[in-house]
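Q: quick check, what structure comes out for this input:
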Amino acid sequence: MKAPIDFYFDFSSPYAYIANEWIDALAARHGRTVRRHAILLGVTFQAAELKSPVAHPIKREYSLRDFARSARYEGVPFAVPEHFPIPSQNAARVFWWLQDTQGAGVASQWARSAFRAYFVRGVDLSEPGALKVLAAASGLDAGAAEAAWNDPAWKQRLKLANEQAVAAGVFGAPYFIVDGEPFWGNDRKPQIERVLATGPF
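A: I've put the predicted structure just below:
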C-alpha cells in the first residue's frame, strides 16, 4: 500500500485553507490518502527564526493580494477575515481530539469546516463562543469540544504535534511530505502531482 501524504497546516493560514480544498482529490487520483497534522505556525516560525509574511509591511500588501488570487486560481471562495491572523490552538486541539478518538475522517471534516468558516464566513476561531457554535453546527458535541480544547491532555497532544513537525523540518504551511520528499506551499501542487505520477525528478 502506498504511503499517505503528510499535510501540515495551521487553521490561520490562507494557503493551507486553499491546499486543504485540493489535497484529497489530488491524493485520490494517485491512490493515496492524506494524513493531516494540525500545528501552530508560531512554533515553527520560532524554530526557523521566521515571521509571518504579513508581519512585514513590505510583504503584507502583496501577501493579501496573493491569498485572494491563489483562491481564485483554485476556484475556492475566500475573504480575508476581519481578525487575521488569529491564535488557532483551540481549533487545532479539537482536531487532535477528533483524530485520536473518532478517526481521520471526522477530523478531516472538522478541518474543512473550520477552514471554510474562517476564510469564507469570517468566523473567529480564536473566540471560544464562536468556536463552540461552529462545533455544534459541524455536528459535534459542542460541550465535549470545549472540554477538549481546555483539557491538558489535548494541549499536550498539540504540543507534541508541533515538536514532531519541527523535527520533520516543517517551517511553514501548508507543508507536505510525499515519500520522504518535502514540499512547502500551496503553489507546489504541480510538483506534488508530478512526483505522485512519475516518481522523483
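Q: Gln191 is in contact with Trp184, isn't it?
A: No - Gln191 is beyond contact range of Trp184, at 10.6 Å (criterion: CB atoms under 8 Å). Yep, even glycine has a C-beta here, placed from its N, CA and C like the rest.
Q: next SSE after the helix-or-strand element of the chain with minimal mean pLDDT?
A: Here the helix or strand of the chain ranked lowest by mean pLDDT, DSSP states H and E is helix 41-48, holding a mean of 83. Remark: after helix 41-48, the chain's next helix or strand is helix 57-74, criterion DSSP states H and E.
Q: list the buried residues of that following helix.
A: Ser63, Asp66, Phe67, Ser70, Ala71 (16 or more other CB atoms under 10 Å).
Q: may I have stretch 108-121 exported as CSV, CA atoms only?
A: The C-alpha trace of stretch 108-121 is given here as CSV (Å, rounded to 0.1, in the frame of the first residue of the first chain):
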residue,chain,number,x,y,z
SER,A,108,-10.8,15.9,8.3
GLN,A,109,-14.4,17.1,8.2
TRP,A,110,-13.7,19.4,11.1
ALA,A,111,-10.6,20.8,9.4
ARG,A,112,-12.7,21.6,6.3
SER,A,113,-15.5,23.1,8.4
ALA,A,114,-13.2,25.2,10.4
PHE,A,115,-11.1,26.5,7.5
ARG,A,116,-14.3,27.4,5.5
ALA,A,117,-15.8,29.1,8.5
TYR,A,118,-12.8,31.3,9.0
PHE,A,119,-11.8,32.1,5.4
VAL,A,120,-15.2,32.2,3.8
ARG,A,121,-17.6,33.5,6.6
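Q: got a list of contacts for that stretch?
A: 9, 11-12, 14, 16-17, 20-21, 24, 34, 36, 38, 71, 77-79, 81, 86, 91, 94-95, 98, 123-125, 134, 137-140 (CB atoms under 8 Å, 6 or more residues apart in numbering).
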